[in-house]
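Engineer: Build me a structure from this.
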Amino acid sequence: MREGAVELQEARVLLVGVDTGEEKDFDRSMAELKSLTEAAGKCVVGIITQRMENVNKALYIGSGKVGEVREFATECEAQEIIFDNTLSPSQIRNLGRELELPISDRTNLILDIFAMRAKTREAKLQVETAKLQYMLPRLVGLHESLGRQGGASGNLSNKGTGEKKLELDRRKIEHRISELRKELEQIGKSRVTQRKRRSSSRTPQVALVGYTNAGKSTIMNRVVEHYCGSEEKMVLEKDMLFATLETSVRHIEPEDNRPFFLVDTVGFIHKLPHGLIKAFRSTLEEVKYADLLVQVVDFSDESYREQMEVTAETLKELEASDIPQIIVYNKADLCDEGALPRIAGNHIYMAAGKHIGVEELIRMIQDKLYEDLRESCFLIPYEKGNLASYFMENAMVLEQEYRTDGIWLRVNCHSQDRSKYAILICE
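Structural biologist: This next block holds a predicted model:
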């Protein structure tokens, strides 16, 4: 089955997919591949699909289908062919020879998009690491399938991480990967230090998670705008896949003395390359250390349930599936959901882009974070100074005074601690 070509001029790409019946929604997967291709700045000029029980080990598609792809690629003047699933090194090599066009796959396409979006030093290093790990076993096939890039021989700088000089041998690539990992380890140590500093403040941490382009950055900006009032603290907000790869942390301090750190994380996607998860693990681990996850769902997308499943699978891989969650059904204004916002338990239907439901979401977050905390005042005798240290580490200290008869603390502490040290309470 194939769809007709369209009249476009630049970066003309033909998409190819095989439906083996394993995909819950194969058409959705192909539509997403088209969106990814467009997000990479390329034009889709045609789509060819094939129904097979198993993919061809040598060519991925059936041998008879190769001729049809070649013919259609010529007809629509395609400059590149992208396949929906990850291709093996031999498949890339064989398809390149048969079709005489650059061959790519979904994994490489996502890596290219990440390379385009990476802004910080850490993100660029992470993308380059994942890209080189992908290239390493595919050097022979990629040599003919990907375009070469200029630059000094052996230069493996971050510039042009999408397509490195493919003449580099395995030893040089492995050496570069080793260098990248060492630099990322140093950056990772700095991230751990920052995380410990936030943790020592006893201020809880909330992470925005979910499918790419669901509205996480929009929610981050509406909250920052409401409580911080500073455009400098806002993050990139754009209607595109993987608009930002950077993990942003903002301190949110409402007037009711129930502050928290809000973390905007990189979005998830169907078939997110394992190499990217591995390379971005130090960044994604911000999710693992959160006290609460706010899963943002694009409720207007008919595939939102499948996207929630992808989020659940990714959180499980990051060992973060047991963290309490609030589910945000964003963009609900585009559906027939009546008056908004609407709250049902830990679920909220809202429209962050139209500033609907932001305050209600913040209250939900605070109530969830502080549901077991009670504000209490303790007067701790100096000879029991270890208890003061305990509260410093295990409660949120709001005020502190050194009095003649002891250390006076006003804290938000767990109800269990309040009961345990009730004899020291002074109202």
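
Engineer: contacts, neighbours, all on C-alpha from now
Structural biologist: Will do.

Engineer: so where is the stretch 1-150 of the chain shaky, pLDDT-wise?
Structural biologist: Residue ranges of the stretch 1-150 of the chain with pLDDT under 70: 1-10, 139-150.

Engineer: all strands of it, in order?
Structural biologist: Taking DSSP state E, counting those that start in this stretch, the strands of the stretch 1-150 of the chain run over residues 2-3, 12-19, 43-51, 80-83, 103-105.

Engineer: Of all those strands, which one is nearest Lys172?
Structural biologist: Nearest of the strands of the stretch 1-150 of the chain to Lys172, taken as C-alpha to C-alpha: strand 103-105 at 22.8 Å.

Engineer: one step back: quick one: which of the strands of the stretch 1-150 of the chain is nearest Tyr227?
Structural biologist: So among the strands of the stretch 1-150 of the chain, strand 43-51 is nearest, using C-alpha to C-alpha, at 40.9 Å.

Engineer: quick one: contacts of stretch 275-292?
Structural biologist: Identification of contacts with stretch 275-292 by C-alpha atoms under 8 Å, 6 or more residues apart in numbering yields 111, 123, 126-127, 129-130, 133-134, 188, 204-207, 209, 247, 263, 265-266, 293, 318-320, 323-326, 365, 368-369.

Engineer: Output the strands of the stretch 1-150 of the chain as CSV; include the columns distance to Ala352.
Structural biologist: Output for the strands of the stretch 1-150 of the chain, formatted as CSV (distance: least, C-alpha to C-alpha, whole Å):
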stretch, distance to Ala352
strand 2-3, 36
strand 12-19, 34
strand 43-51, 30
strand 80-83, 35
strand 103-105, 34
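
Engineer: among those, which is nearest Glu225?
Structural biologist: Closest among the strands of the stretch 1-150 of the chain, using C-alpha to C-alpha: strand 43-51, at 36.0 Å.

Engineer: What angle do strand 12-19 and that closest one make with each other?
Structural biologist: Angle of strand 43-51 versus strand 12-19, following axes from the mean of the first three to the mean of the last three C-alpha atoms, to 10 degrees, is 20 degrees.

Engineer: how about the strands in the stretch 251-400 of the chain?
Structural biologist: Residue ranges of the strands in the stretch 251-400 of the chain, as given by DSSP E, counting those that start in this stretch, are 260-264, 292-298, 325-330, 342-344, 347-349, 373-380, 396-403.

Engineer: What are the structural domain limits within the protein?
Structural biologist: 2-110, 118-188, 201-369, 373-424 (automatic domain parsing).

Engineer: Just put these in TSV and tack on mean neighbour count and distance to Gln194.
Structural biologist: TSV is the format used below for those (neighbours: other C-alpha atoms under 10 Å; distance: least, C-alpha to C-alpha, whole Å):
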stretch	mean neighbour count	distance to Gln194
domain 2-110	18	29
domain 118-188	17	10
domain 201-369	19	10
domain 373-424	16	17
